[in-house]
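1. Okay, predicted coordinates and the sequence, questions at the end:
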Amino acid sequence: MASFSLKPVIGQIIAFFETPQSPKPLGFFRIAISLFCIVQALLWLPDWEAFVGQYGWIQWEITRALNNPWEIHMEHISQFLGALGIAEEIRIYVFFWVYVGALGMVAIGLLTRIFSVISWFMHIVVMASIPTFFYGLDIFVHISLFYIMVFPVSKAWSLDIKLGWVSPEATWGTGVAIRVLQIHMCFAYLSAGVGKIWNYEWWNGDILWYSMTHPFFKSGVDMHWVADYPVIPMFLGWWTLLIETLYGIGMWVPRLRVFWLLNMIALHLGIALFLGLWLFAGIMILLSVSAFGHECLRDLKQWKSKRAQIAVISEE
Amino acid sequence: MRKFIRTLLLLHFCFLTMALFQVLGKLERTNFSYFTAVMNDLYFGDWSFGFFSQKVGSVAFERYTLHKWDSSQVVLDTQKGFRYYTHAHESYNRFYGLSVYIRQDTTYQDLLSHTVAVRMLNQNRDAVQVDVRLMGMQNPSLREWKMGKRSQPREVYFASFAGQ
């Protein structure tokens, strides 16, 4: 009787995760996300007080009431900075610049682990201080900062390597990190796609119509002309469902990967253009490129070398 | 060390799978919710990524009427371009979340309208009273629009706050 053993399957799963991979994608991920967060923060600076200040749009006593009791709020940070003798009106700005500084250190890769923990922690404080204002952008930033904190992201293009504090060698840890990021993105898009499938308005084009003409997301271009061409929002809806739901398949098939990544980028550029959600689109593109960009590059190189070989053979 | 990382990974993916299949929402009122709240703080582990999967055809506008000392009035209406004094489009985008929050239930409507009104009065020192109006409307669908249907916002919430 043939016996079935799980060992080879487990072995394959372990090999899939733990085969050492170049740490360069992780270096790209670290630099891209930290620079992105700096840009996001600087755009936010003129309105910083209105969002996280004690007497901002939503006052601290209310935002604290909306939080879990253990969450560190800006008020706690303010009390701490007050104990250090820092004037009340500049405390939220001290916090801001420490956050940006920590992100800068992560970007250049100096004492990366320490500053990534600081950045992640400070982002928790920001999130806890704006519970009514955060959206998908902040959630993906937070997920990214968490991964930067736990992944070996300083193994490429960092000062930690130059100073000899970190080895640039590919290890099983770099393999695990890249796989986790890739699978998380597949989960995210599968969930987003499946969530949309059950809503018939995604199938008949209404969601795209609403989004394009939603007064809040006015992009500066009047999109009501789309009503004369209902096939456009309908097609775009189907395309979104396909690209998001099957992301987890498209990104693993070498022949499809580049096409899928380009479609994802196009999808998010569309979101940026029509909904004005530029930063949200930016982080989603960076995450997909960080997770699968290196494999797309490898596919392109292989495709190019195959083309060259074919050209040589046909010349002969 | 490897075994520890593998165990963490297994837990991580189990958690993501539960979020994906909306299992975590069903455990919201159990002791498990403390665990999910901590995981949320760590990396938003229980978020199910359903961006724009729900209805987006409903629209809310906020209209603030500032009554000044000299009995004049200033109307600040998000339908007519009022952007909460934000300096960047990305900052204004955050108010979409606020409007969704405010519409969720009446407790939030009172609480958040009150705090926004306080800010309004602090920003406009010559104002003595601010009226907060929340206007809601359902945008016509593509076919309804083609048939000529147009929607007008109707008032869904009103409160008046006086400064001291």
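-> Looks like it arrived, so ask away. Residues are numbered from 1 along each chain as shown, chains lettered A, B, ... in the order given.
2. Validate this expectation: residue B:160 resides in a strand.
-> Yes: membership of residue B:160 in a strand is supported by DSSP: H, G, I helix; E, B strand; the rest coil.
3. which SS state does the residue nearest to it when sequence neighbours are not counted fall under?
-> Spatial nearest neighbour of residue B:160, chain neighbours left out: residue B:131 (4.8 Å); criterion: C-beta to C-beta, 6 or more residues apart in numbering or on different chains. Every C-beta, even on glycine, is put in place using the N, C-alpha and C of the backbone. Put simply, residue B:131 is strand when judged by three-state DSSP.
4. Could you tell me which residues make contact with residue B:131?
-> Contact partners of residue B:131, counting by C-beta atoms under 8 Å, 6 or more residues apart in numbering or on different chains, are B:64, B:65, B:67, B:158, B:159, B:160, B:161.
5. distance of it from residue B:121?
-> Using C-beta to C-beta, to the nearest Å, one gets 12 Å for the distance from residue B:131 to residue B:121.
6. which residues do the two both contact?
-> The contact sets of residue B:131 and residue B:121 overlap at residue B:161 (C-beta under 8 Å, 6+ apart).
7. about what we covered before: which of the contacts of residue B:131 tops the neighbour count?
-> residue B:64 (22 neighbours; other C-beta atoms under 10 Å in any protein chain shown).
8. mind listing the strands for chain B?
-> Along chain B, counting by DSSP state E, strands occupy B:58-68, B:73-77, B:127-138, B:154-162.
9. could those strands go into TSV alongside distance to residue A:172 and mean pLDDT?
-> Formatted as TSV, these follow (distance: least, C-beta to C-beta, whole Å; pLDDT from 0 to 100):
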stretch	distance to residue A:172	mean pLDDT
strand B:58-68	49	88
strand B:73-77	58	93
strand B:127-138	54	90
strand B:154-162	56	89
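10. Could you dump those strands into TSV and include distance to residue A:19?
-> Putting the strands of chain B into TSV (distance: least, C-beta to C-beta, whole Å) gives the following:
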stretch	distance to residue A:19
strand B:58-68	49
strand B:73-77	59
strand B:127-138	53
strand B:154-162	57
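11. Which among these is found nearest to residue A:124?
-> strand B:58-68 (28.9 Å; C-beta to C-beta).
12. neighbouring contacts of the closest one?
-> When contacts are defined by C-beta under 8 Å, 6+ apart, strand B:58-68 is touched by residues A:214-216, B:73-79, B:82, B:99-100, B:102-103, B:116-117, B:120, B:124, B:126-139, B:153, B:156.
13. so what strands line up beside that strand?
-> When pairs are called by DSSP bridges, strand B:58-68 turns out to pair with strand B:73-77 (antiparallel), strand B:127-138 (antiparallel).
14. In that strand, which of the residues would be classed as buried?
-> Buried residues in strand B:58-68, defined by neighbour count with 16 or more other C-beta atoms under 10 Å in any protein chain shown: B:59, B:60, B:61, B:62, B:63, B:64, B:65, B:66, B:67.
15. ditto for stretch A:270-289
-> A:270-272, A:274-289.
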